[in-house]
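>>> Quick one: sequence and predicted model below, then my questions.
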Amino acid sequence: MATSSLSTVKDVSYRPPGTEHNLLNKVTFSLPERSFGLIFGQSGSGKTTLLQLLSGISKPTSGSICVQRYGNDGNPNQLPEQLSPEKVGIVFQFPERYFVADTIADEVTFGWPRRKSSVQLREHLALNLQRAVNWVGLNGISLDKDPHSLSGGYKRRLALAIQLVEVPDLLILDEPLAGLDWKARADVVKLLKHLKKELTILVVSHDLKELAALVDHSWRMEMGGFLREELLPV
Ligand SMILES: Nc1ncnc2c1ncn2[C@@H]1O[C@H](COP(=O)(O)OP(=O)(O)OP(=O)(O)O)[C@@H](O)[C@H]1O
């Protein structure tokens, strides 16, 4: 049976350990499968903090984060499944600063099981690697190339490919256009339009005009960590 999913954040509050004030206050929103959500708002309002919770890096003080799967009839066909970090792909700001390998292939496969993994697992990963590379349009480029020698836009493509090896239920991007020149920005927007056809994407960005055409749902984060649905002011 075909299913669809809904990423749901309900009444999530967060207070870092040892501090007195919530950085997030009863944040609630949901994002249907294959839609593109954008969170915007003032610097320091808590956007990155929210992404950290969604990716499992930190845990909410209260509230819940989950993905629900529905059948064709729209009714839940199983209990809500907790989002686990491996089901969420996240590309933080300036991902190229954290590239560690000397080749594109090693960068994408960094951290994969090596010696003890079965032939099947290695074949599965190799196929997934090729699919991810094709998906982001890196297929014309040798996988032996040094990631640091790629252009800005191609470095972002590589950062995305790393997250797409195992297809995430939710792909989160923190300021995907930051630090790029106009051509690379246009290139990344085009790529996100392409990825949106098959993925659920949540973006935090200040670049509202450039992303507006992709956005299905948008929320403003206000100082004090309050979130509310709001059309983009563009
Ligand atoms: N662990 C922490 N302990 C205390 N304060 C924190 C902690 N992490 C973040 N903050 C503070 O929480 C606020 C929200 O930070 P956050 O980075 O989430 O905001 P943001 O909306 O993403 O900002 P920007 O748009 O500049 O990236 C900031 O004032 C930040 O200094």
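Structure received.
>>> Phi, psi for the closest residue in space to Y14 that isn't next to it in sequence please.
Take Y14 and drop its neighbours on the chain: the residue closest to it by CB to CB, 6 or more residues apart in numbering is L24, 4.2 Å away. Glycine gets a C-beta too; all of them are placed from N, C-alpha and C. For L24, the backbone dihedrals are phi -130, psi 140 (criterion: degrees, to the nearest 10).
>>> Mind pulling up the pLDDT for L24?
What the model reports as pLDDT for L24 is 97.
>>> now swap in the one 10 residues further on and tell me
The score at R34 is 88. That number is its pLDDT.
>>> repeat for S13
The confidence metric pLDDT takes the value 97 at S13.
>>> how many neighbours does the residue nearest to Y14 have?
By the criterion of other CB atoms under 10 Å, L24 has 25 neighbours.
>>> How much space separates it from the ligand?
Per CB to the nearest ligand atom, to the nearest Å, L24 is found 8 Å from the ligand.
>>> How about V133?
From V133 over to the ligand (counting by CB to the nearest ligand atom), the distance is 30 Å.
>>> tell me the secondary structure for that residue?
Three-state call for V133 (DSSP: H, G, I helix; E, B strand; the rest coil): helix.
>>> Quick one: neighbours of it, just the number.
Residue crowding around V133 was assessed by other CB under 10 Å; the count is 22.
>>> Identify the residues contacting it.
104, 108, 139, 143, 161 (CB atoms under 8 Å, 6 or more residues apart in numbering).
>>> which is the next helix or strand following the biggest strand by length in the chain?
If you go by DSSP state E, the chain has its longest strand at strand 4-14. The C-terminal neighbour of strand 4-14 among helices and strands, as given by DSSP states H and E, is strand 24-32.
>>> Are there helices or strands packed against the longest strand of the chain, and which ones?
Contact analysis of strand 4-14 by 3 or more CB pairs under 8 Å, 6 or more residues apart in numbering; DSSP states H and E lists strand 24-32, helix 47-54, strand 62-70 as its packing neighbours.
>>> please redo it, this time with the cut-off set to 10 Å
Using 3 or more CB pairs under 10 Å, 6 or more residues apart in numbering; DSSP states H and E as the contact test, the elements touching strand 4-14 are strand 24-32, helix 47-54, strand 62-70, strand 170-174.
>>> Looking at the residue minimising distance to the centre of the chain now. What's its pLDDT?
When CA atoms, centre = their mean is applied to the chain, the residue found nearest the centroid is I172 (1.7 Å). What the model reports for I172 is a pLDDT of 95.
>>> Touching, it and S205? I think so.
No: I172 is beyond contact range of S205, at 11.5 Å (criterion: CB atoms under 10 Å).
>>> Mutual contacts of those two, please.
For the pair I172 and S205, residues contacting each of them under the criterion CB atoms under 10 Å, 6 or more residues apart in numbering are I39.
>>> Next, count neighbours for G63.
Other residues lying near G63 total 17 when counted by other CB under 10 Å.
>>> which one is it nearest to, not counting chain neighbours?
Take G63 and drop its neighbours on the chain: the residue closest to it by CB to CB, 6+ apart is V12, 3.6 Å away.
>>> Is the one you found in contact with S62, as I believe?
Yes: contact between V12 and S62 holds when scored by CB under 10 Å: they sit 7.3 Å apart.
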